[in-house]
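1. Take a look and give me a structure for this.
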Amino acid sequence: MPRFGGPSTMMRLPAAETCEGLDACFIGVPMDIGASNRPGTRFGPRQIRAESAMIRPYNMATGAAPFDCIEVADIGDVAINTFNLQASVDIIAARYAGIFATGCIPLTLGGDHTITWPILKAASDHHGPVALIHIDAHADINDDMFGEKIAHGTPFRRAHEAGALINDKVFQIGLRGSGYSADDFNWSRDKGFTVVPAEHCWHRSLAPLMDVVRERIGDAPVYLTFDIDSLDPGLAPGTGTQEMGGLTSIQALEIVRGCAGLNLIGCDLVEVSPPYDPGGTTALLASNILYEMLCVLPKVDRHRRENVPTDPLHERIF
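-> Residues are numbered from 1 along each chain as shown. As a prediction, the model looks like this:
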């Protein structure tokens with residue numbers, strides 16, 4: 001079957017109705033009713049799956065071979081209530097409670113960032129409070145948005161209030177842009193979160209940062225949430241709330257690959273809005289980041305590359 005044919009599952013994986021017997025699963029949450037600016041993330045999971053068709057099984061940079069050692073499938077989408085945000089939050093929490101109960105690690109295709117709150121609620125109900133690596137242009141710690149307590153700008157305020165987070169093991173990376181006050185990011189700092197603004201990331205490798213993140217998190221259960229608007233809009237225009245001066249795709253790889261060795265219990269990639277990127281580049285980046293997340297899960301082996309010929313020019317340059 002050519003890669004542009006057949007059922008549109010993540011990476012052309014088998015489709016499954018449940019996560020029973022799986023070590024990890026891809027699952028979509030096609031929701032945008034929590035978005036405050038441009039809509040369209042309800043179409044994110046479908047296009048991310050479509051753009052994932054060219055991803056191959058072996059990670060040539062890291063040697064990761066997830067399909068050699070763990071069982072993975074695409075279990076479809078959460079059937080949200082597109083007319084009721086609170087009902088959708090409850091539906092998501094119940095679905096993920098069932099996933100975590102099986103020991104399966106969910107890799108979620110969003111969907112606006114509201115979805116991370118009910119996922120974190122379900123995760124903490126099963127694992128206890130969790131560490132968090134949050135990659136985003138925005139802190140998403142508003143107390144409310146337009147008078148509503150649940151929206152894509154409030155998930156980490158709600159998670160903190162619910163006791164779902166280990167505060168001194170929360171890292172927010174890539175925050176930037178304008179705010180409502182000069183202290184907008186200080187709520188996170190006051191709660192013990194580590195805030196790494198985008199300006200501190202410019203023109204730098206983020207591998208050293210991830211060394212510190214791994215050291216501080218240790219063996220605690222950790223959740224990874226990646227908002228595609230953390231990337232510069234020149235790279236990922238298909239999102240609802242763009243901010244200039246964002247991370248590069250290379251830095252995104254450094255962050256995700258830097259999670260290898262952590263006790264990851266779940267990951268998500270949110271805020272892909274295909275209508276604002278007809279070429280599909282944003283969804284393509286998203287699909288590859290999700291694959292990289294799969295490659296750093298705890299049970300995934302990394303193959304040693306043997307009999308690699310030595311190139312004298314390579315030795316001179318590197």
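
2. For residue 112, see how far away the residue nearest to residue 82 when sequence neighbours are not counted is.
-> Leaving aside its sequence neighbours, residue 82 sits nearest to residue 33 (CB to CB, 6 or more residues apart in numbering; 6.2 Å). C-beta: built from backbone N, CA, C; applies to glycine. As judged by CB to CB, to the nearest Å, residue 33 and residue 112 stand 8 Å apart.

3. Mind checking which of those two has more residues around it?
-> Taking other CB atoms under 10 Å, residue 33 and residue 112 do not tie; residue 112 has more neighbours (31 against 18).

4. Going along the chain, name the strands of the stretch 201-318 of the chain.
-> With DSSP state E, counting those that start in this stretch as the criterion, the stretch 201-318 of the chain has strands at 221-227, 263-270.

5. now those strands as JSON lines including mean pLDDT and mean neighbour count?
-> Output for the strands of the stretch 201-318 of the chain, formatted as JSON lines (pLDDT from 0 to 100; neighbours: other CB atoms under 10 Å):
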{"stretch": "strand 221-227", "mean pLDDT": "98", "mean neighbour count": "25"}
{"stretch": "strand 263-270", "mean pLDDT": "98", "mean neighbour count": "24"}
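
6. Any chance of TSV for these, columns distance to residue 244?
-> Converted to TSV, these look like this (distance: least, CB to CB, whole Å):
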stretch	distance to residue 244
strand 221-227	15
strand 263-270	20
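
7. Any idea which of the ones you listed gets closest to residue 85?
-> strand 263-270 (15.1 Å; CB to CB).

8. so for stretch 68-86, what's the average pLDDT?
-> Mean pLDDT, stretch 68-86: 97.

9. now stretch 22-35
-> The pLDDT scores in stretch 22-35 average 98.

10. Now it - C-alpha only, CSV.
-> The C-alpha trace of stretch 22-35 is given here as CSV (Å, rounded to 0.1, in the frame of the first residue of the first chain):
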residue,chain,number,x,y,z
LEU,A,22,-0.7,-1.8,24.6
ASP,A,23,2.3,-0.1,26.1
ALA,A,24,1.6,3.2,24.4
CYS,A,25,-1.2,4.6,22.3
PHE,A,26,-1.9,7.5,20.1
ILE,A,27,-5.2,9.2,20.8
GLY,A,28,-6.9,12.3,19.4
VAL,A,29,-9.0,15.0,21.1
PRO,A,30,-10.5,17.0,18.3
MET,A,31,-11.6,20.0,20.3
ASP,A,32,-11.4,23.8,19.9
ILE,A,33,-14.3,25.1,22.0
GLY,A,34,-11.7,26.1,24.7
ALA,A,35,-9.8,28.4,22.3
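
11. Residue 216 touches residue 169, doesn't it?
-> Yes. Contact criterion CB atoms under 8 Å: residue 216 and residue 169 qualify, at 6.2 Å.

12. More neighbours: the two, which one.
-> Between residue 216 and residue 169, residue 169 has the larger neighbour count (other CB under 10 Å), namely 21 against 14.
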